[in-house]
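Engineer: One predicted model, sequence on top.
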Amino acid sequence: MKRIGFFGFLTIFLLGALSQSVLADAIVRNQSMDSETIAEFYVSSDAVRLELEIGLGDLRKFSGLLPSALLSELGIGFTGSYADRVNAFGETGIQVLADDRLLSPVVEAVAGRERVVRDEVTGQPVEVADGDAETVVHVSLRYPLTSRPDQIQILNRFSGELPTIGFVVYHDGVYVNDFRFLWRSQVLNLDWDDPWYSVFEARALLRKNSSAMSGFIYVEPYEVRKEVVVRPKDIQRWIDLGLAGKDIIPVEQQAAIKQQVAEFLRDKQPVTIDGVAVPGELASANFLRRTLTSSQVIDPPEPLNVNSAVMGLIYVYPVDIALPQDVKMTWDLFDDKVTRVSGSAIDEAGPLPTYLEPDYPVLHWQNFIKNPTLREYADLPAAPSAVLRQLGLYQWLLVVLAATVFIFGVYTLLRKQRSQGAVLIGASAVLMVVWFVTAAGQLKPDEQRELIEGLLKNTYLAFDYRAEGDVYDALDRSVTGDLLTQVYIETRQSLELASQGGARAKVKEIELVDVSPRAQSANGMSFEAQWNVAASVGHWGHIHQRNNGYRAILDVAVEDGVWKLMNIEVLEERRL
C-alpha cells in the first residue's frame with residue numbers, strides 16, 4: 001500500500017493500462033505456426049539460405065539432410081553418400097529455382113535444439129523458459145547464386161503425403177510474406193532495387209503490412225488527428241534524405257531524416273474539416289517497429305535496414321466543436337512504385353479501412369454516429385458551509401449534550417425549580433434543532449457516491465481536450481489548487497504514450513462499484529472507493545482497449561465552495 005498524489009495514480013493507470021493492450025482489429029490466429037516443420041528463406045544477392053526446424057514427426061521425410069550416424073541412431077534406413085542424399089533433397093524435397101534454373105543445396109549445419117516458440121499471429125519469436133519448448137532438428141542450407149535472378153520459385157516436391165511446412169521469406173532484410181503454408185509451388189518476383197516491392201504471384205501470400213505508405217484519420221471529441229506511415233526510402237524519391245547507395249540508416253542520421261520527412265509531409269495529404277482546409281501541427285515523428293498486431297516506437301534508436309525502415313508521423317488539427325460532421329484527407333503522393341495506399345477512417349465505432357489510388361485519393365469520414373459518446377461534466381452535490389462542516393465534526397456530541405441538558409432540565413422541574421427547568425429543556429430543544437440542521441447539511445450516502453463518481457469522471461474528462469489552456473481550466477474543476485499544476489504536467493505526460501509515438505489515451509467509461517466514508521475533517525472527508533475504468537487509444541490504424549479495476553482512499557476537500565480531490569492512496573489495482 002502506498003500513498004501518492006492524484007497525478008501519480010493517473011500515471012499508474014495509464015502506463016499500466018495500455019502496456020499490454022488488446023488489439024481491437026480482427027486478427028486470425030496463424031495456424032501455420034503449428035506446422036511440424038518451419039522453413040525460413042533468406043534471399044540475398046549471392047545465395048538463398050534456408051533455415052529448417054524439423055519436428056520429430058517429419059524426420060523420415062527430411063532424412064536426406066540428416067547425417068548417417070543420426071539416421072542409424074533413429075533406426076532410419078538410408079543408401080548412398082551424404083552428399084548424394086542432400087542433392088536428392090534439392091530435387092525431390094524442397095526445390096529452389098532461380099529463373100527456372102534448379103539450385104543445388106549445401107548443408108552448413110545440423111543440430112538438435114529447442115523449437116523457436118513464436119507468436120501465434122505474427123510468427124515473431126517469443127521468450128520461454130529453458131526446457132519448455134519441444135526438441136527439433138535444425139538444419140541450415142545454402143543454395144548458391146551466380147547472379148541476381150528476377151524470380152525465385154519454391155516447390156514442395158515431396159512424394160506422397162506432403163509434410164506440413166510453415167514458411168516465410170525475407171529478401172535483403174524485408175519480410176515478403178506473413179507466415180503461411182508451403183504448398184506445391186510458390187513464385188516470388190524479386191525487386192533488387194527495392195526489396196520492399198518483391199512479391200509472390202499468389203495474392204494469398206501478400207503480407208498484411210504490404211503498403212509502402214499508409215494514412216489514417218482519427219475523429220475524437222475535440223480532436224482530429226492524421227497519422228501517416230511511410231518508408232524514408234520511398235520519400236527519397238521526392239526529396240534527398242541522403243540514403244542513396246546506403247544499406248543501413250545509422251543512428252546519427254535518424255534525427256535529421258525525421259525532421260526532413262516531417263517538414264516535407266507538413267503540407268502533404270491536406271485535411272479539410274467541415275469543408276474548411278485546416279493546417280496541422282506536428283505532434284511526433286518516430287521510427288517504428290511494426291508487426292501484424294502492434295507498432296512500437298524504436299527507443300532507444302538503433303541502426304536500421306534502409307529497405308525495411310518505416311516512420312510514423314502524427315499531425316493534430318484543432319476542432320472547436322465536440323465532433324465535426326465531415327473530415328477529408330487527400331493523398332497526394334503517388335508514383336510508379338506507390339500506386340496503392342492503405343488507409344482507414346477511425347471513430348468510436350471502429351476503423352473503416354480502404355485503399356487510396358490516383359483515381360480515388362480521398363479518405364473521407366462522415367459522421368454517421370446517431371448517438372456519439374460525448375461525455376459531459378458531472379454535477380457535484382453542493383458543499384455545506386464552513387459552519388455546517390465545523391458543526392458536522394461534533395453533531396453526535398450535540399445529541400449527547402442535548403440529552404444531558406434535557407435530563408437535567410426534567411430533574412430540575414421535579415425539584416420544583418420550574419423556571420430553571422424550562423430554560424434547560426428549551427436549551428436542549430435548541431441543541432436538537434442545531435443537530436438536525438447540521439445533519440441535514442451533511443452528505444447523504446447517495447450524495448457521497450455522486451460526489452466521488454463525479455470527481456473521478458470530471459478529472460478524466462479534462463484530458464479529452466487538446467489545448468493546454470482548455471485542459472488546465474477543465475482540471476481546475478476537480479483538483480485542489482495545490483496539486484493542479486503537478487496533476488496537469490504528470491498526467492499529460494502519462495497520457496501521451498511514448499511507445500506509440502505520442503498517441504494519447506482516452507478514458508471512455510468509469511464505473512463506481514462501491515464507496516464508503518472513512519473520516520471527516522473541518523474542510524473535507526475521506527472515502528474508500530472501488531471503481532473500474534475503460535480506456536482506449538487509437539494509433540497506426542488500430543484501436544487498443546483496456547479495462548482496469550481500482551480500490552483506493554480518496555481525500556476530498558472544499559475549496560471556494562466546491563468539492564475537489566486532494567489526494568489518493570491506491571490500495572489495489574487489477575486488470576479486468
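Structural biologist: Ah, there it is.
Engineer: How far off centre is stretch 319-333?
Structural biologist: 23 Å (C-alpha atoms, centre = their mean, to the nearest Å).
Engineer: what's that stretch in contact with?
Structural biologist: Around stretch 319-333, the neighbours that count as contacts under C-beta atoms under 8 Å, 6 or more residues apart in numbering are 213, 215, 217, 219, 221-224, 226, 238, 268-275, 341, 343, 345, 356, 361-367, 369, 372, 374. C-beta here means a position set from N, CA and C on the backbone, and glycine is covered the same way.
Engineer: Now restrict those to buried residues only.
Structural biologist: Among the contacts of stretch 319-333, those that count as buried by neighbour count (16 or more other C-beta atoms under 10 Å) are 213, 215, 217, 219, 221-224, 226, 268-269, 271-273, 341, 343, 345, 356, 361, 363, 365.
Engineer: Of those residues, which belong to strands?
Structural biologist: Mapping the buried ones among the contacts of stretch 319-333 onto strands (DSSP state E) picks out 215, 217, 219, 223-224, 226, 271-273, 341, 343, 345, 356, 363, 365.
Engineer: List just the nearest of those residues to residue 173.
Structural biologist: Ranked by distance to residue 173 (C-beta to C-beta), these are led by residue 341 at 22.8 Å.
Engineer: Would you mind listing the residues in contact with the closest one?
Structural biologist: Here residue 341 is in contact with 211, 212, 213, 214, 215, 331, 333, 334, 355, 356, 357 (C-beta under 8 Å, 6+ apart).
Engineer: And the second one, what's its pLDDT?
Structural biologist: pLDDT, residue 212: 84.
Engineer: what about the residue nearest to it when sequence neighbours are not counted, neighbour count?
Structural biologist: Leaving out its chain neighbours, the residue that sits closest to residue 212 by C-beta to C-beta, 6 or more residues apart in numbering is residue 234, at 5.0 Å. Neighbour count of residue 234, defined by other C-beta atoms under 10 Å: 18.
Engineer: Name the SS class of residue 234, please.
Structural biologist: With DSSP: H, G, I helix; E, B strand; the rest coil as the basis, residue 234 sits in helix.
Engineer: if I read this right, it contacts residue 211, doesn't it?
Structural biologist: No. With contact defined as C-beta atoms under 8 Å, residue 234 does not count as touching residue 211 (10.3 Å).
Engineer: Let's see the pLDDT reported for the residue nearest to residue 212.
Structural biologist: At residue 234, the pLDDT value in this model is 96.
Engineer: so how far is residue 324 from it?
Structural biologist: Separation of residue 234 from residue 324 (C-beta to C-beta, to the nearest Å): 31 Å.
Engineer: Now do the domain split for the chain, please.
Structural biologist: 36-163, 214-366, 386-441 (automatic domain parsing).
Engineer: out of the ones you listed, nearest to residue 567?
Structural biologist: domain 386-441 (18.0 Å).
Engineer: Mind listing the strands the longest strand belonging to the chain pairs with, and their directions?
Structural biologist: Using DSSP E, we find that the single longest strand of the chain is strand 542-559. Each strand paired with strand 542-559, and its direction, by DSSP bridges: strand 22-23 (antiparallel), strand 524-539 (antiparallel), strand 562-575 (antiparallel).
Engineer: now the strands for the stretch 101-250 of the chain?
Structural biologist: All strands of the stretch 101-250 of the chain, identified by DSSP state E, counting those that start in this stretch, fall at 101-102, 106-114, 135-144, 151-156, 165-171, 174-175, 180-181, 185-189, 199-200, 214-220, 223-230, 248-249.
Engineer: Need the ones you listed in CSV (columns: distance to residue 289).
Structural biologist: Converted to CSV, the strands of the stretch 101-250 of the chain look like this (distance: least, C-beta to C-beta, whole Å):
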stretch, distance to residue 289
strand 101-102, 36
strand 106-114, 25
strand 135-144, 26
strand 151-156, 26
strand 165-171, 15
strand 174-175, 12
strand 180-181, 22
strand 185-189, 24
strand 199-200, 22
strand 214-220, 15
strand 223-230, 12
strand 248-249, 14
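Engineer: So which of those strands is nearest residue 446?
Structural biologist: Closest among these, once you apply C-beta to C-beta, is strand 214-220, at 32.6 Å.
Engineer: tell me the angle the closest one makes with strand 524-539.
Structural biologist: Orientation check (axes from the mean of the first three to the mean of the last three C-alpha atoms, to 10 degrees): strand 214-220 against strand 524-539 gives 150 degrees.
Engineer: So which elements touch strand 214-220?
Structural biologist: strand 223-230, strand 326-330, strand 341-347, strand 362-366 (3 or more C-beta pairs under 8 Å, 6 or more residues apart in numbering; DSSP states H and E).
Engineer: Pull up the pairing partners for it, direction included.
Structural biologist: strand 223-230 (antiparallel), strand 341-347 (parallel).
Engineer: Residue 285: which element?
Structural biologist: If you go by DSSP states H and E, residue 285 is part of strand 281-290.
Engineer: Tell me the helices and strands packed up against the following helix or strand past that strand.
Structural biologist: Sequence order places strand 295-297 as the next helix or strand after strand 281-290, per DSSP H and E. For strand 295-297, the packing partners by 3+ C-beta pairs under 8 Å, 6+ apart come out as strand 281-290.
Engineer: Partner strands of the strand it packs on and their direction?
Structural biologist: Here strand 281-290 has these sheet partners by DSSP bridges: strand 295-297 (antiparallel), strand 310-318 (antiparallel).
Engineer: ok, residues contacting that strand?
Structural biologist: For strand 281-290, using C-beta under 8 Å, 6+ apart, the contacting residues are 209, 225, 229, 254, 258-259, 261-262, 266, 295-299, 301, 304, 309-318, 501-502, 540.
Engineer: For ChimeraX, what selects the buried ones among those?
Structural biologist: In ChimeraX syntax, the buried subset of the contacts of strand 281-290 is picked out as below (16+ other C-beta under 10 Å):
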select :209,225,229,254,258,261,262,295,296,297,304,309,310,311,312,313,314,315,316,317,501,502,540
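Engineer: Dump the domains of the chain to CSV, plus distance to residue 196.
Structural biologist: Below are the domains of the chain laid out as CSV (distance: least, C-beta to C-beta, whole Å):
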stretch, distance to residue 196
domain 36-163, 13
domain 214-366, 6
domain 386-441, 68
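Engineer: So for residue 189, which of these sits nearest?
Structural biologist: Here domain 36-163 is closest among these (C-beta to C-beta), at 5.5 Å.
Engineer: mean pLDDT for the strands paired with strand 542-559: which is lowest?
Structural biologist: What stands lowest among those, in mean pLDDT terms, is strand 22-23, with a mean of 39.
Engineer: picking up where we left off before, winner for burial among the domains of the chain?
Structural biologist: domain 214-366 (a mean of 17; mean count of other C-beta atoms under 10 Å).
Engineer: Much appreciated, bye for now.
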